[in-house]
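**Student:** Need coordinates for the below:
(chains A and B)
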Amino acid sequence: MVCAVALLIEPAVHAQRGDIPPGERARGSDQVVVGHVSSVTSAWRDNDFGDRLITSILHVTVEETLKGASQQPLDVEVEGGTIGSLTLRVSDLETFAAGDRAVFYLEHNRRGALVPHLRGLGLQRLDRSGRVSGSTMTLDQVRRDVRAGTARQP
Amino acid sequence: MKLKPAIAFIASVVAIATISSSSVRAYSVFGYTWPQSPVPYYINPTNMDLPTAAIEPAIRTGADAWRLQSGASFAFAFAGFSNQTTNTNDGINLVMFRNASSGSALATTYSWFSGTRIIDADIVFWDAGFQFVTGTSGCSGAFFIEDIATHEFGHALGLGHSTVATATMYPSISTCSQQSRTLDADDIAGVLALYPATLPPTPPTGLRIIK
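**Tutor:** Numbers count the residues shown, from 1 in each chain, chains lettered A, B, ... in the order given. Next up, the predicted model:
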């Protein structure tokens, strides 16, 4: 996966997906939660394009709901996973394991399952210090940005 | 997409590049390799921007870059066109365009592994969110397929992302950039780690011919 993000001052420069702020990610999401993965199971699923794929079903224990109805726990379907000796890896999606903590920006697919909004952009892993992995952004900053972003929605 | 000042981004890229330049090994690998070479792939050229005649050579440029520029003992081989529009583990390595968006991702590679072997790899260009062009000119606010394809075929042969900002396997690219079609030393080190170059036969040493 190679990705791009438009910037205001320098339109010719494109950055990593991590530069898209939480408020923007949250705007199109049905639900945004902070939670940790309690377990992962894999299953064969057809995605909205008709691709037959191994999908990881992340069983998420919700710690906090930032947008949408509070629901506990959640099952989030992410393309990629392992069944028996067969593994599917999808280049724009991270893999998650039990114990991983993240901000989940979610939408419903055609089957009604919860999937990451904008695919890889809908999964924002948190490190042990509560920061977004690979950045200096704190969970508090995520909370503020999500609430500000969703408050501006018409 | 969110608009934000470029200064922070530029600073972060400089920081990443500085860190990466001191790294001995910045590439990453999935831990799986193809058991055979060449690996055939098919193209479904149906897309929103370009004629088939432009698509094929651009995709082939990306696929061939890895063998031609590294000398690795591995190659992809164009096997023909396909009208298949879905991907799964079917043994058909497919490159296709999809009239859909994937956030900020230009393309996605789906890699299937069994044991330590790669057994299938499909590449999807997300055609709805971006404009694609081919060649070396005529680009404005678009992305060259040659460069995106080179990156995705890197995934298809078993490479993950690199932290070197000038590497083909770096996870982001600028509009109209033609940098990724040329492998960085880090990319070459990565592919050679997976598929070592076939060395020419070396003459035996210490051999004497006694008459």
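
**Student:** Run through the residues that contact the residue of chain A found nearest chain B.
**Tutor:** Chain A approaches chain B most closely through A:L118 (3.3 Å), counting by C-beta to the nearest C-beta. (C-beta placed from N, C-alpha, C; glycine too.) Contact partners of A:L118, counting by C-beta atoms under 8 Å, 6 or more residues apart in numbering or on different chains, are A:25, A:28, A:105, B:101-104.

**Student:** Which of these fall in helices?
**Tutor:** Among the contacts of A:L118, the ones falling in helices (DSSP state H) are A:R25.

**Student:** nearest spatial neighbour of B:W112, skipping sequence neighbours?
**Tutor:** If the residues on either side of it in the chain are set aside, B:W112 comes closest to B:D120, at 4.0 Å by C-beta to C-beta, 6 or more residues apart in numbering or on different chains.

**Student:** Correction: the previous question concerned B:W34.
**Tutor:** B:I118 (4.9 Å).

**Student:** re the thing from before, can I get the contacts of A:L118 in JSON lines including neighbour count and distance to A:V90?
**Tutor:** JSON lines is the format used below for the contacts of A:L118 (neighbours: other C-beta atoms under 10 Å in any protein chain shown; distance: C-beta to C-beta, whole Å):
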{"residue": "A:R25", "neighbour count": "26", "distance to A:V90": "18"}
{"residue": "A:G28", "neighbour count": "15", "distance to A:V90": "20"}
{"residue": "A:Y105", "neighbour count": "26", "distance to A:V90": "17"}
{"residue": "B:S101", "neighbour count": "14", "distance to A:V90": "16"}
{"residue": "B:S102", "neighbour count": "24", "distance to A:V90": "10"}
{"residue": "B:G103", "neighbour count": "23", "distance to A:V90": "13"}
{"residue": "B:S104", "neighbour count": "29", "distance to A:V90": "15"}
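
**Student:** Most widely separated two among the contacts of A:L118?
**Tutor:** Spatial extent of the contacts of A:L118 (C-beta to C-beta) is set by the pair A:Y105 and B:S101 at 15.0 Å.

**Student:** wait, what's in contact with the residue of chain B found nearest chain A?
**Tutor:** Across chain B, no residue is closer to chain A than B:G103, which sits at 3.3 Å (C-beta to the nearest C-beta). The neighbours of B:G103, taking C-beta under 8 Å, 6+ apart as the test, are A:3, A:17, A:20, A:92, A:118-122, B:129.

**Student:** Least confident of these?
**Tutor:** Across these, the smallest pLDDT goes to A:R17, namely 42.

**Student:** what's around A:A26, how many residues?
**Tutor:** Residues lying near A:A26 (other C-beta atoms under 10 Å in any protein chain shown) number 25.

**Student:** repeat for B:T52
**Tutor:** 12.

**Student:** Can you give me every residue that contacts it?
**Tutor:** Counted by C-beta under 8 Å, 6+ apart, B:T52 has contacts B:45, B:81.

**Student:** Could you say which helix or strand holds the closest residue to A:G50 other than its chain neighbours?
**Tutor:** Nearest non-adjacent residue to A:G50, counting by C-beta to C-beta, 6+ apart: B:T86, 4.5 Å away. Assigned by DSSP states H and E, B:T86 belongs to no helix or strand.

**Student:** From what I see, B:T86 and A:D48 are in contact.
**Tutor:** No: judged on C-beta atoms under 8 Å, B:T86 makes no contact with A:D48 at a distance of 11.0 Å.

**Student:** More neighbours: the two, which one.
**Tutor:** B:T86 (17 against 10).

**Student:** Enumerate every residue touching that one.
**Tutor:** A:49-52.

**Student:** can you tell me how far it sits from B:G138?
**Tutor:** As for B:T86, its distance to B:G138 is 32 Å (criterion: C-beta to C-beta, to the nearest Å).

**Student:** looking at this, B:A149 is in a strand?
**Tutor:** No: counting by DSSP: H, G, I helix; E, B strand; the rest coil, B:A149 is located in no strand; its state is helix.

**Student:** how about low-confidence regions in chain A?
**Tutor:** A:1-19, A:152-154 (pLDDT under 70).

**Student:** Touching, B:A142 and B:F132? I think so.
**Tutor:** Yes: with contact defined as C-beta under 8 Å, B:A142 counts as touching B:F132 (6.2 Å).

**Student:** No further questions, thank you.
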